[in-house]
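Engineer: Make a model of this:
(chains A, B, C, D, E and F)
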There are 4 protein chains.
Amino acid sequence: MSVSKTEPDSRETAAARSRAATRERLLESARTLFAERGLRGVTTHDIAREAGFASGTFYLHFPDKRALFREIVAESVAALRDRLAKSVAGVGGLSDAVRAHATAMIEFAEEQRDLVRILFSADVDAAVVSASVLDELAAAIAAGRRERESHGDDPSGLDAAVLSQALVGMWARVIAWWAEDPARAQRGAVIETLTRIQLEGTRPTPGA
Amino acid sequence: MSVSKTEPDSRETAAARSRAATRERLLESARTLFAERGLRGVTTHDIAREAGFASGTFYLHFPDKRALFREIVAESVAALRDRLAKSVAGVGGLSDAVRAHATAMIEFAEEQRDLVRILFSADVDAAVVSASVLDELAAAIAAGRRERESHGDDPSGLDAAVLSQALVGMWARVIAWWAEDPARAQRGAVIETLTRIQLEGTRPTPGA
Amino acid sequence: MSVSKTEPDSRETAAARSRAATRERLLESARTLFAERGLRGVTTHDIAREAGFASGTFYLHFPDKRALFREIVAESVAALRDRLAKSVAGVGGLSDAVRAHATAMIEFAEEQRDLVRILFSADVDAAVVSASVLDELAAAIAAGRRERESHGDDPSGLDAAVLSQALVGMWARVIAWWAEDPARAQRGAVIETLTRIQLEGTRPTPGA
Amino acid sequence: MSVSKTEPDSRETAAARSRAATRERLLESARTLFAERGLRGVTTHDIAREAGFASGTFYLHFPDKRALFREIVAESVAALRDRLAKSVAGVGGLSDAVRAHATAMIEFAEEQRDLVRILFSADVDAAVVSASVLDELAAAIAAGRRERESHGDDPSGLDAAVLSQALVGMWARVIAWWAEDPARAQRGAVIETLTRIQLEGTRPTPGA
DNA sequence: GATGAATGAGTATTCATTCAT
DNA sequence: AATGAATGAATACTCATTCAT
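Structural biologist: Residues are numbered from 1 along each chain as shown, chains lettered A, B, ... in the order given. This next block holds a predicted model:
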């Protein structure tokens, strides 16, 4: 009796694996297409076809297009957050921390070009969603600034809100621009430039 | 033909005036609507209705929706360019030039909130079009830098391409953010912050 | 000046006429198709195609399928109400009134077979809408009953709610059945049968 | 093949029992859901899920959704037929027979509210199928009439076809209305009203 | 026998664009 | 020049049904 029965576990596992694989292929295709054409420029049909499935399959795995998009963004933001957090962990001086942070960002852009394009291309419909990415960046920058001050450095005297928008804008644009085509500038030059602007541009009362 | 017409010139002029007026009303409505809802969020019907015309009239004046959008952007870019050029004309020191530039930008944002929103909201579909705006900004910044160098200052030693992307990103984001709601920061603080970051962040070899 | 202008009135009127004609053709097609296949069995595309228009045209005239259906039902109910009201106006005795009512209903069914089919086929989705028809019928029946009582007849002693459901059910079914194929019974026999059941079936305490 | 099997009969029987049980659970779920939402409002997935099976299982037991629906209706009609037949068996007078018939119907509605809702809600798609129910009712009524006549009563002189449609319409509507919410009228009042209308409404030549 | 992932035709609705008046 | 009715391709989402495991 027991012999003739397929183990339910292995069956369920196989089905689950297959399901997960389909889901992952859809996500993969979506990442590519979103990176190329943005949220609105991509159809659920496009995503399914690109992944090699019929159009209805999409809805077996995601309630709708926005949900899929949100999921991709959430994943990416989490990955980026981890990367940035690790990069500055245990780094002593401010200067080194800012540079480590820039380096981590560049590495992320190198490895995840599609994600970076999605995260930093401000599709109007994706505004809510991509806000989180920039908030994330702003938080990382703010953390750096707090550490700097804890090391005895004076605050820059600049408006904190304006400053954080400025730095976020700078980072997002440079990373997106560079990820578009890494041949545009040397890796080291990008890191150095971002680091220097952030360090020098936000120093306490420069004239003093 | 010409016989029956009295003063064909004035007539044609009147007709041309009327035509131009219709065109302008369509542009005006489009500016408002694009600022509110982006390129994709606005239909040609919306634009015509808002302007008080039937939907077919739109196509008597513009070949299609993108063309209208492009025209608005081109106009705006030209206006911005003039404003920025004038702002620095005849200004002596680098510091003053950068500050004048920031001030001009803020003034533009105050007077043309709709345009600023269109120009700096990176709608994916409008990407090609809005690239020109940022190029414009980059050019203005580069011009400032050249002037600085001509005044004897050393270049910062930073990669020029990266630097210009960084500054453009910073400017675009801060201006868009502030134009969205000017109560977010004091006018003076915005000018001061942008000026300081640009000046200090791009100094020649800081350690030296 | 005034000569060269086409009279706006005639222009508007022509456009309005054309618009109204399209609307009417859509309504006409919809009546036929709904009568054949019910609300759910008919597509907006079907209606447009049957009327000789492209699918988008439907939405130029009706916000959606249900709205069109509701309009047809409302029209029909109003027409039926008028007919029934007129039929009993000025008719003296109860017996004559009930017979006049039955006759009017039969005439309506003869002239508007499609409408009758729509009104009395209780499509589940159309429940809300078709309820109004039956309410209408119930009201007409109740009016007859009130008149009867005002003529000195005693009430039947039957539960009024049950009775009205019974009569409505009877009427709706017989009319729908007969409209489906008028050869099923002779006109006079239908009228006579409905009249007799209603009169005799609802007499005051028969045994008394 | 047979060698290795111990007691193939009991095995097959067990398998058959299991199969029948699955079938029954599907039917049970379908009855509930159809009563709530009609044929079109219920998906095969809904039925399978409600019964605790995967969606494919449905098609192991029924060729398609309509077949399942037809089967439920057929079962119900048979049950109703039995009930009605038994109710009048051996009942003497016409009056008692009609009352017994009405009582049986009410009892059926009380015990099988779901079925009654399915049987008498004239979903357009279910029209073919539900016709059989009404035919059944008509047959039962006709049987009553025949018996009456055999007892020496004269026929009513009314058109038999029209009459049966009228009575069927009356019955179906009242029962469906009452089953929807039994608080709408007292049990006894429903029975009495239906009985009286049928008896008095179909009497031989009332004027005589 | 049961599973459940996959299919793909179907359906409502939108909107850029055309064109007869 | 202006009108606005008409077009029809596009697009998100559903669901009956199939079939490999």
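
Engineer: gap between A:A140 and C:G93?
Structural biologist: Computed as C-beta to C-beta, to the nearest Å, the A:A140 to C:G93 distance reads 92 Å. To be clear about C-beta, it is placed using only N, CA and C from the backbone, and glycine gets the same treatment.

Engineer: what's the answer for A:A48, then?
Structural biologist: From A:A48 over to C:G93 the distance is 72 Å, taken as C-beta to C-beta.

Engineer: got it, and A:R37?
Structural biologist: As judged by C-beta to C-beta, A:R37 and C:G93 stand 78 Å apart.

Engineer: mind showing which ranges of chain A have poor pLDDT?
Structural biologist: Low-confidence segments of chain A, defined by pLDDT under 70, are located at A:1-12, A:122-132, A:143-156, A:204-208.

Engineer: Point out the other helices and strands that the top helix by length along it packs with.
Structural biologist: Counting residues, the longest helix in chain A under DSSP state H turns out to be helix A:8-37. For helix A:8-37, the packing partners by 3 or more C-beta pairs under 8 Å, 6 or more residues apart in numbering or on different chains; DSSP states H and E come out as helix A:44-51, helix A:55-61, helix A:65-88, helix A:113-120.

Engineer: Out of the ones you listed, which is the most enclosed?
Structural biologist: Sort those by mean neighbour count, taking mean count of other C-beta atoms under 10 Å in any protein chain shown, and helix A:113-120 sits at the top with a mean of 23.

Engineer: for that one, packing partners?
Structural biologist: On a contact count with 3+ C-beta pairs under 8 Å, 6+ apart, helix A:113-120 meets helix A:8-37, helix A:65-88, helix A:94-111, helix A:127-150, helix A:160-180.

Engineer: Can you point out the buried residues in stretch A:29-43?
Structural biologist: By neighbour count on 16 or more other C-beta atoms under 10 Å in any protein chain shown, the buried set for stretch A:29-43 is A:S29, A:A30, A:R31, A:T32, A:L33, A:F34, A:A35, A:R37, A:G38, A:L39, A:R40, A:V42.

Engineer: from those residues, which is closest to B:V133?
Structural biologist: B:V133 has its nearest neighbour among the buried residues of stretch A:29-43 in A:G38, at 18.1 Å by C-beta to C-beta.

Engineer: need the helices and strands packed on helix A:8-37 in TSV with distance to DNA strand E, can you?
Structural biologist: Shown next, in TSV, are these (distance: least, C-beta to the nearest atom of the strand, whole Å):
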stretch	distance to DNA strand E
helix A:44-51	7
helix A:55-61	2
helix A:65-88	14
helix A:113-120	22
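
Engineer: export those to TSV and tack on distance to B:K65?
Structural biologist: Output for those, formatted as TSV (distance: least, C-beta to C-beta, whole Å):
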stretch	distance to B:K65
helix A:44-51	22
helix A:55-61	28
helix A:65-88	23
helix A:113-120	25
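
Engineer: wait, which of those helices is closest to D:A20?
Structural biologist: Nearest to D:A20 among the helices and strands packed on helix A:8-37 is helix A:55-61 (31.2 Å), distances taken as C-beta to C-beta.

Engineer: can you tell me if that closest one touches chain D.
Structural biologist: No - judged by C-beta under 8 Å from any C-beta of the partner chain, helix A:55-61 and chain D are separated, with a smallest distance of 11.3 Å.

Engineer: Would that helix count as contacting DNA strand F?
Structural biologist: Yes - residues of helix A:55-61 contacting DNA strand F under C-beta under 7 Å from any atom of the strand: A:S55, A:G56, A:F58, A:Y59.

Engineer: Check which helices and strands that helix sits against.
Structural biologist: Partner elements for helix A:55-61 (3+ C-beta pairs under 8 Å, 6+ apart): helix A:8-37, helix A:44-51.

Engineer: and A:F108, what does it touch?
Structural biologist: A:A79, A:L80, A:R83, A:L115, A:V116 (C-beta atoms under 8 Å, 6 or more residues apart in numbering or on different chains).

Engineer: Relative to A:R99, how far out is the third one?
Structural biologist: When C-beta to C-beta is the yardstick, A:R83 and A:R99 sit 15 Å from each other.
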